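*Asks:* Predicted coordinates and the sequence they were generated for:
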Amino acid sequence: MSQAVSPGVATALRVQLQPLGPAVNGGVLTYAPIVQVVDKYGNLVQTSVTIQAAVESGTGNWTLGGTTSVATSGGLAKFTNLTARNNTGTAITGARIRFSWNGLSVVTSAFT
């Protein structure tokens with residue numbers, strides 16, 4: 001006998017795949033970040049929500065471009081075309097992307 005288990009309400013965001021900076025200044029991130037929406041037990045929450053990506057304050061003089069609002073599918077938000085541009089034209093270092101949704105704790109992801 002088996003019992004179906006359903007995820008609870010969303011309680012947290014978690015970065016499943018860390019991004020890797022672009023090959024060139026202003027280019028698409030080499031690895032696109034994937035963010036999970038999970039319940040208190042770490043189960044993926046299947047409800048469709050929209051996750052926002054933004055530059056984390058105080059992490060350098062850079063700009064995040066591309067699609068910064070992504071709807072989840074199966075509890076995952078895949079940010080496939082984010083770009084990063086250092087406004088001074090030098091290599092991007094210490095950059096952090098801030099992911100947020102609906103009052104849940106913000107999660108950040110670092111890349112160089």
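*Replies:* Received it, and whenever you're ready, just let me know what you need. All values reported here derive from a predicted model rather than from experimental measurement.
*Asks:* From here on, just use CA atoms for contacts and neighbour counts.
*Replies:* Will do.
*Asks:* Can you point out the helix or strand that includes the residue nearest to L64 when sequence neighbours are not counted?
*Replies:* Distances taken as Cα to Cα, 6 or more residues apart in numbering place A84 nearest to L64, at 4.9 Å, with adjacent residues excluded. Assigned by DSSP states H and E, A84 falls within strand 83-86.
*Asks:* and the helix or strand just after that strand, which strands flank it?
*Replies:* Proceeding N to C from strand 83-86, the next assigned helix or strand is strand 95-100, under DSSP H and E. Next to strand 95-100 in the sheet, as set by DSSP bridges, lie strand 50-55 (antiparallel), strand 107-111 (antiparallel).
*Asks:* weakest of these by average pLDDT?
*Replies:* Ranked on mean pLDDT, the bottom entry among the strands paired with strand 95-100 is strand 107-111, at a mean of 87.
*Asks:* which residues are in contact with that one?
*Replies:* Contacts to strand 107-111, defined as Cα atoms under 8 Å, 6 or more residues apart in numbering, come from residues 13-15, 18-21, 56, 93-100.
*Asks:* Identify the farthest-apart pair in the residues you listed.
*Replies:* Pairwise distances across these (Cα to Cα) peak at 24.0 Å, for the pair L13 and T93.
*Asks:* More neighbours: the two, which one.
*Replies:* More crowded of L13 and T93, by other Cα atoms under 10 Å: L13, with 24 against 15.
*Asks:* Let me know the distance separating the more buried one from G26.
*Replies:* Noted for L13: a distance of 27 Å to G26, by Cα to Cα, to the nearest Å.
*Asks:* so how many other residues sit close to the closest residue in space to S73 that isn't next to it in sequence?
*Replies:* Nearest non-adjacent residue to S73, counting by Cα to Cα, 6+ apart: S48, 6.2 Å away. Neighbour count for S48, taken as other Cα under 10 Å: 15.
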